[in-house]
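Peer 1: Just need the structure, nothing else, for what follows:
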Amino acid sequence: MILEHVIVVLCLCVIALRTTFSEGPGARLANQPINLGDRVYSLCVSGVLILSFVIWLVSSLWGRRFIYRLTGLETGLAVFFAAALIAGLAAADKRAAVTDFVTLCAPVLMAVVLAQSLDSQSKIKLVLTVIAGLGVASAYQCAYQFFVSNQIEIEQYEQAPESKLEPLGIQPNTLAHWQFEHRLYSRGVNGYFTTSNSAGSFSMLAYFAGFALLAERFKTRKPGASAGRKVLVAGITLAVLILGLAITRSKGAIAGALIAAVLLGLSLLFGDRLRAHRKKAVILGVATLVVVGCGVVLYGRAYGRLPGGNSMLVRWQYWQASVDMYADHALTGVGPGNFVYFYPRYKTGAALETVSDPHNFLLAVLTQYGPLGLVGLLLMIVMPLWAAASARGSSLEVKTKGAGLAYRRLAGVSAIAISATLLVFRPIITDAGVYGTLDVIIYGVFTLYIAPIVAFALGFWLVRANVSVDETAHPEIITVVLLCAIIGFLIHNLIDFAIFEPGILTTYWAVAACLVGLYLQQRSRPQIVLKPTAPVRIAVVAAGAAVIWVFFSYSLLPLAKSTAKITQAYQATSLGDLERAHGLLAAAADDDGLSGAALSLNGRLYLEQFYAFGLEQKDLLVCSEKCLREAIARNGADFKNFERLAEVYSLLAEKSPSRQKSDYLERAFDTALGAVERYPGSGRLRFQLAQIAEELGRTDVAVRQYKQAVEIEDSYRRQFRLMYPGQEVFSRLGQEKYQKAIERAEQLAKLSGP
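Peer 2: Numbers count the residues shown, from 1 in each chain. Modelled structure (predicted):
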């Protein structure tokens, strides 16, 4: 009993940390300075959830009798594990595959443990109270961004643009620079998450968690003088949560919330009828989704976009590329976390952005984990929802003696634990130093570290004040509210990737665990009952130890050691100690044999060193070539390594005698061709290939590549004007190269004759 309480509180602390810190998706590239710590942090937090699962399983089996209530997650989880193993073996970047799989599966294991531990109304209500309280904290952060910090961010950027661009790896006066400024001046609100859509998605879950508790309280209300005050308090809380959703201006999240509200209204009005004809209702719902999906596809094929604004135009391009990607990797997918490396291969030349996710959670899993992975995910999602829907009953009451006292005790412990966790760990993981005069330091500490805790505590207290702690509870109303909320949430994520942000994914599975817990309390489910013998206990301990050893040896420690050395290498580079930087990057590559990130960075550093200091030092180019070739051996899908290696070979050709020059040019041509094959929609790469072909005397190839570079740039400019009418087009290829491509194509075509 004590262990289950500890695990519940620990999971709540993890949710609090993840929803108050911008933890980027695992697909973000690991070779950018700002992203270096993201994956290590994600793995550390995921490791806490995995460790909790192992400890719970071992301790449960160590008792006299082990009772496991089937949750409906088990089959889907087993299928997904198998799919991840198959897809991981086929992945180009094995490190990304391991990290993505661990980050994705750890919250599901948490849900399995929570489903077993949430054996009372008080525990389930506590989880929902914490989520709603964190929603208030998120609303505070959204409001602070909207009214204060966005303007401060703009002023800081205008004073020192390089301080904002360099950590993101953005070169000045490029399309990426223009896109950064466009996002900055649009004053988007993302709260503690990476995008406004993600913040809106979390706000939606938090709102319905609070609403579920209020609805259950309303059903168990008793007449009294305090009823009006409690209704007012509840109204204020829900208004704050709605405000947080509205401030994000996420059309998808708002639409998802409205869909959930409509479904909730229908359920409350026609719940008994829907339950009596549950199969027909589900078939009708699925048929409706299929019809709508077919209509969307037909519209997209007819008009080359989805109905809506610019975001719907680019989403159709993401989806088209994803379908083509899946067609080429129909059995295994491209591998977990590898979408970002394969997307350029299928991206249309007109598209402005290169994304790391198709903005559709079904396509994201299908393209990376294959059809088996999609089946596993759908089973994990659908089975608990189906079970929860079947548990819906009219006037169902559950008697829980001592629920009020149990809830208040656990709520107090949880509030203190969460506040302490945020106070201790957020200053460490945010890495945001506060400097200046005393008043500036006090203001910074309060806004960065104290205010989120105060906002959470206030939200937690407001929600807790309206939680029904009577002996008689009505779990069916909570069930139907959460069920509708999850459906709206999933519909929103058909056009977004918010579900894959670790904070939101962990929150989603916590809500799903609450649904499962409610169902298990209302309906009897098959149970696994064992009386473990000594050999079984020893085997379980050994298996648990093996899981932990594998996690540390193959997931966390290699990445942590490599990341630490890469970070030190960046610091050494900034201080001009390039020899030490090269040594650190080489050691980082040895520490993590599954990743080519350190090798790629080292090859790029040698190349930059050649340009900056040693135009006559051929050895720098040879070292760069070696690093880039090894990086390609570890990840053959990333076009950037091919692009840089082609550049290195071209430079080696310039520095070599005539006998070696042709050999290096041939290598440069083959490597540049490899880059184009991996990113055919890049005018820059085609221009590079055309120049090498021209130098080799392959006129036909050069003409074709110059023309295609121009066509790609023209298609990009047409889409830019369509999306941003009236704004000056920012060339992606560069005006000088664009004009040269046109001229050289015409000149070479004349020389080659008809």
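Peer 1: Can you give me the buried ones in stretch 57-71?
Peer 2: Neighbour-count burial for stretch 57-71, counted by 16 or more other C-beta atoms under 10 Å, picks out 57, 58, 60, 61, 66, 68, 69, 70, 71. (Glycine included, C-beta is placed from N, CA and C.)
Peer 1: Do you know the pLDDT at residue 407?
Peer 2: On pLDDT, residue 407 comes in at 74.
Peer 1: same thing with residue 732?
Peer 2: Reported pLDDT for residue 732: 88.
Peer 1: for residue 536, same thing?
Peer 2: On the pLDDT scale, residue 536 gets 83.
Peer 1: ok, for it, nearest residue in space, not its chain neighbours?
Peer 2: residue 61 (6.9 Å; C-beta to C-beta, 6 or more residues apart in numbering).
Peer 1: Please name the residues that touch the one you found.
Peer 2: Shown in contact with residue 61 (C-beta atoms under 8 Å, 6 or more residues apart in numbering): 530, 532, 536, 537, 540.
Peer 1: Over to it: give its phi and psi.
Peer 2: phi -70, psi -20 (degrees, to the nearest 10).
Peer 1: Same question for residue 729.
Peer 2: Dihedral angles (degrees, to the nearest 10) for residue 729: phi -70, psi 130.
Peer 1: Report the contact partners of it.
Peer 2: By C-beta under 8 Å, 6+ apart, the neighbours of residue 729 are 717, 720, 721.
Peer 1: Same check on residue 367?
Peer 2: 322, 325, 326, 329, 333, 334, 339, 342, 358.
Peer 1: returning to that earlier point: just the closest of the buried residues of stretch 57-71 to residue 653, please.
Peer 2: residue 57 (60.1 Å; C-beta to C-beta).
Peer 1: Identify each buried residue in the lengthiest helix in the chain, please.
Peer 2: Secondary structure assigned by DSSP state H gives helix 361-390 as the longest helix of the chain. Across helix 361-390, burial judged by 16+ other C-beta under 10 Å covers 361-370, 372-377, 379-381, 383-385, 387-389.
Peer 1: where does the stretch 451-600 of the chain have low pLDDT?
Peer 2: 468-474, 523-526 (pLDDT under 70).
Peer 1: Now do the helices in it.
Peer 2: 451-464, 475-492, 502-522, 534-551, 557-574, 578-591, 597-612 (DSSP state H, counting those that start in this stretch).
Peer 1: Dump the ones you listed to JSON lines, plus distance to residue 706 and mean neighbour count.
Peer 2: Below are the helices of the stretch 451-600 of the chain laid out as JSON lines (distance: least, C-beta to C-beta, whole Å; neighbours: other C-beta atoms under 10 Å):
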{"stretch": "helix 451-464", "distance to residue 706": "54", "mean neighbour count": "21"}
{"stretch": "helix 475-492", "distance to residue 706": "44", "mean neighbour count": "23"}
{"stretch": "helix 502-522", "distance to residue 706": "45", "mean neighbour count": "25"}
{"stretch": "helix 534-551", "distance to residue 706": "51", "mean neighbour count": "13"}
{"stretch": "helix 557-574", "distance to residue 706": "36", "mean neighbour count": "19"}
{"stretch": "helix 578-591", "distance to residue 706": "36", "mean neighbour count": "19"}
{"stretch": "helix 597-612", "distance to residue 706": "25", "mean neighbour count": "22"}
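Peer 1: Save those helices as a markdown table, and put in distance to residue 11 too.
Peer 2: Formatted as a markdown table, those follow (distance: least, C-beta to C-beta, whole Å):
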| stretch | distance to residue 11 |
| --- | --- |
| helix 451-464 | 16 |
| helix 475-492 | 17 |
| helix 502-522 | 7 |
| helix 534-551 | 18 |
| helix 557-574 | 23 |
| helix 578-591 | 31 |
| helix 597-612 | 31 |
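Peer 1: Domain map for the chain?
Peer 2: If you go by automatic domain parsing, the domain ranges for the chain are 2-532, 563-752.
Peer 1: Least confident of those, on average?
Peer 2: Ranked by mean pLDDT, those bottom out at domain 2-532, with a mean of 85.
Peer 1: starting at the chain centroid, how far to that domain?
Peer 2: Put simply, domain 2-532 sits 10 Å off its chain's centre (C-alpha atoms, centre = their mean, to the nearest Å).
Peer 1: which one of the helices of the stretch 451-600 of the chain lies closest to residue 147?
Peer 2: It's helix 451-464; of the helices of the stretch 451-600 of the chain, that one is closest to residue 147 (C-beta to C-beta) at 13.3 Å.
Peer 1: what does that closest one contact?
Peer 2: Here helix 451-464 makes contact (C-beta under 8 Å, 6+ apart) with 16, 20, 129-130, 132-137, 139-141, 144, 192, 210, 213, 233-234, 236-237, 240, 411, 415, 418-419, 422-423, 426.
Peer 1: Quick check: the gap between residue 581 and residue 610.
Peer 2: As judged by C-beta to C-beta, to the nearest Å, residue 581 and residue 610 stand 14 Å apart.
Peer 1: the helices in the stretch 201-350 of the chain, which residues?
Peer 2: Under DSSP H, counting those that start in this stretch, the stretch 201-350 of the chain gives helices at 227-248, 251-276, 278-303, 310-328, 339-346.
Peer 1: Format those as CSV; extra columns: distance to residue 650.
Peer 2: As requested, the helices of the stretch 201-350 of the chain are arranged in CSV below (distance: least, C-beta to C-beta, whole Å):
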stretch, distance to residue 650
helix 227-248, 47
helix 251-276, 45
helix 278-303, 41
helix 310-328, 30
helix 339-346, 21
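Peer 1: So which of these is the most surrounded?
Peer 2: helix 339-346 (a mean of 23; mean count of other C-beta atoms under 10 Å).
Peer 1: Quick one: residues in contact with stretch 337-345.
Peer 2: 26-29, 91-93, 96-97, 99-101, 321-322, 325, 329, 334, 354-358, 364, 367-368, 635, 637-639, 677-682.
Peer 1: returning to what we had before: which of the contacts of helix 451-464 are buried, as a ChimeraX select command?
Peer 2: Buried residues among the contacts of helix 451-464 (16+ other C-beta under 10 Å), as a ChimeraX selection:
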select :16,20,129,130,132,133,134,135,136,137,139,140,141,144,192,210,213,233,234,237,240,411,415,418,419,422,426
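Peer 1: and the domains of the chain as JSON lines, adding distance to residue 546?
Peer 2: Converted to JSON lines, the domains of the chain look like this (distance: least, C-beta to C-beta, whole Å):
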{"stretch": "domain 2-532", "distance to residue 546": "10"}
{"stretch": "domain 563-752", "distance to residue 546": "19"}
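Peer 1: Indicate which one of those domains is closest to residue 554.
Peer 2: Nearest of those to residue 554, taken as C-beta to C-beta: domain 2-532 at 6.6 Å.
Peer 1: Quick check: residue 352 is in a strand.
Peer 2: No - going by DSSP: H, G, I helix; E, B strand; the rest coil, the assignment for residue 352 is coil, not a strand.
Peer 1: Can you get me a residue count around it?
Peer 2: 18 (other C-beta atoms under 10 Å).
Peer 1: ditto for residue 616
Peer 2: Neighbour number of residue 616 under other C-beta under 10 Å is 8.
Peer 1: Let me see the contact set for it.
Peer 2: If you count contacts by C-beta under 8 Å, 6+ apart, then residue 616 has residue 655 around it.
Peer 1: secondary structure class for it?
Peer 2: If you use three-state DSSP, then residue 616 falls in the coil class.
Peer 1: For residue 679, see how far away it is.
Peer 2: 32 Å.
Peer 1: what's near enough to touch the nearest residue to residue 305 once chain neighbours are set aside?
Peer 2: Spatially, and ignoring its direct neighbours in sequence, residue 305 is nearest to residue 313 (4.2 Å; C-beta to C-beta, 6+ apart). By C-beta under 8 Å, 6+ apart, residue 313 lies in contact with 305, 306, 719, 722, 723.
Peer 1: same thing but 10 Å
Peer 2: The contact partners of residue 313, by C-beta atoms under 10 Å, 6 or more residues apart in numbering, come to 300, 303, 304, 305, 306, 307, 350, 351, 352, 719, 722, 723.
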